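Trainee: just a sequence and a predicted model for now, questions to come.
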Amino acid sequence: MVDGKINNNPKFKKQGKVAGKVYLRLGEVLPSPLPSPNYIVMAIIPNGCILVARKVMESEIWSKPSWWYKIFSYIIMEVSYKTEGINARGTSFFQYKTIFKECNLDKEKTWKGRISPKSIDNVVRWMREVGICTTTKTTRGIWITLCKYELYQNINNYKTTTKTPIKRHKNDTISKEGKKVKNVERELFKPPTLQTIKDYIKEKKYAVDANTFYDYFKESDWIDSKGNKVKSWKQKLITWNSHSDKGKNGGGKWQTSL
């Protein structure tokens, strides 16, 4: 039952633990006193919900401007969650001016200036190009169908995992007295391969000879001239590149001080 009414289903009473349930919508007041202290209070949140996979943080949309993700989320929330009338599941009719208003995009800015309703077309076209949706334009607006709506909006398609325990910061530890103290141990350094160094130098277009760099630190067991273990070989490459002589790494004296 809903709207603050009591569910007196006999099977709840037979369990001995729960006498029944009280369902409340947001803003409603809990009946007092309850018929039994064993009643469960259930909140009913209006307008339903959508599912958002944590993997969205690994997708391209996550690297787009924040207002792109706002439009992306709005479309997911507004498409039909079930086939009804002319609207198939995962499909709905949109107008850019409505999306612009509902997402409060008049308050958003880009480096070019304020966003206009026409800017939404860039987001929708990108969604179509990467396979997130299909579209059909009409004279009044656009029909948008999310391609994998059934996959992502079905809780049964999500893999459940065991609860991950909260980890302390790797630089902290707990003493016998229970006090937090600084842990001087760092994550172990893993030396790169020569090919990894070559690929990174090529990617960054550094003027550093990969073989010279690799041999120098390999012979020293990845310990610099100050006697310190190398923590970041990429940082060392930045230093070598900044000291290169007109783009040529001649292996001068400066290297022995790194």
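Mentor: Structure's in. What do you need?
Trainee: residue contacts, the closest residue in space to residue 148 that isn't next to it in sequence?
Mentor: Closest residue to residue 148 apart from its sequence neighbours, by CB to CB, 6 or more residues apart in numbering: residue 132 at 7.8 Å. Where you see a C-beta, it was placed from the backbone N, CA and C, and this is true even at glycine. By CB atoms under 8 Å, 6 or more residues apart in numbering, the contact set of residue 132 is 61, 72, 146, 147, 148.
Trainee: same check, this time on residue 51
Mentor: With the criterion set at CB under 8 Å, 6+ apart, residue 51 makes contact with 152, 153, 154, 155, 158.
Trainee: which of the contacts of residue 132 lies closest to residue 121?
Mentor: residue 72 (13.9 Å; CB to CB).
Trainee: quick check, nearest of the contacts of residue 51 to residue 122?
Mentor: Of all the contacts of residue 51, residue 152 has the smallest distance to residue 122: 22.9 Å, by CB to CB.
Trainee: ok, the closest one touching residue 55?
Mentor: No: when contacts are counted by CB atoms under 8 Å, residue 152 is not listed as touching residue 55 (9.5 Å).
Trainee: these two: which is more packed in?
Mentor: Remark: of residue 152 and residue 55, residue 152 carries more neighbours, 18 against 10, as counted by other CB atoms under 10 Å.
Trainee: can you give me the distance of that one to residue 82?
Mentor: From residue 152 across to residue 82, the span is 15 Å (CB to CB, to the nearest Å).
Trainee: and for residue 61?
Mentor: Here residue 61 is placed at a distance of 25 Å from residue 82 (CB to CB).
Trainee: for residue 220, same thing?
Mentor: Taken as CB to CB, the span from residue 220 to residue 82 is 66 Å.
Trainee: the more surrounded of these two?
Mentor: For residue 220 versus residue 82, neighbours defined as other CB under 10 Å are more numerous around residue 220 (12 against 8).
Trainee: now do the contacts for residue 151.
Mentor: Counting by CB under 8 Å, 6+ apart, residue 151 touches residue 157.
Trainee: at 10 Å instead, please
Mentor: By CB atoms under 10 Å, 6 or more residues apart in numbering, the residues touching residue 151 are 53, 90, 157, 158.
Trainee: residue 146 now?
Mentor: 72, 75-76, 79, 89-92, 127, 132-134, 152-153.
Trainee: what's the answer for residue 126, then?
Mentor: 60, 61, 64, 68, 72, 132, 133.
Trainee: swap in residue 137?
Mentor: 121, 124, 143.
Trainee: and it, bridged to which residues?
Mentor: residue 142 (DSSP bridges).
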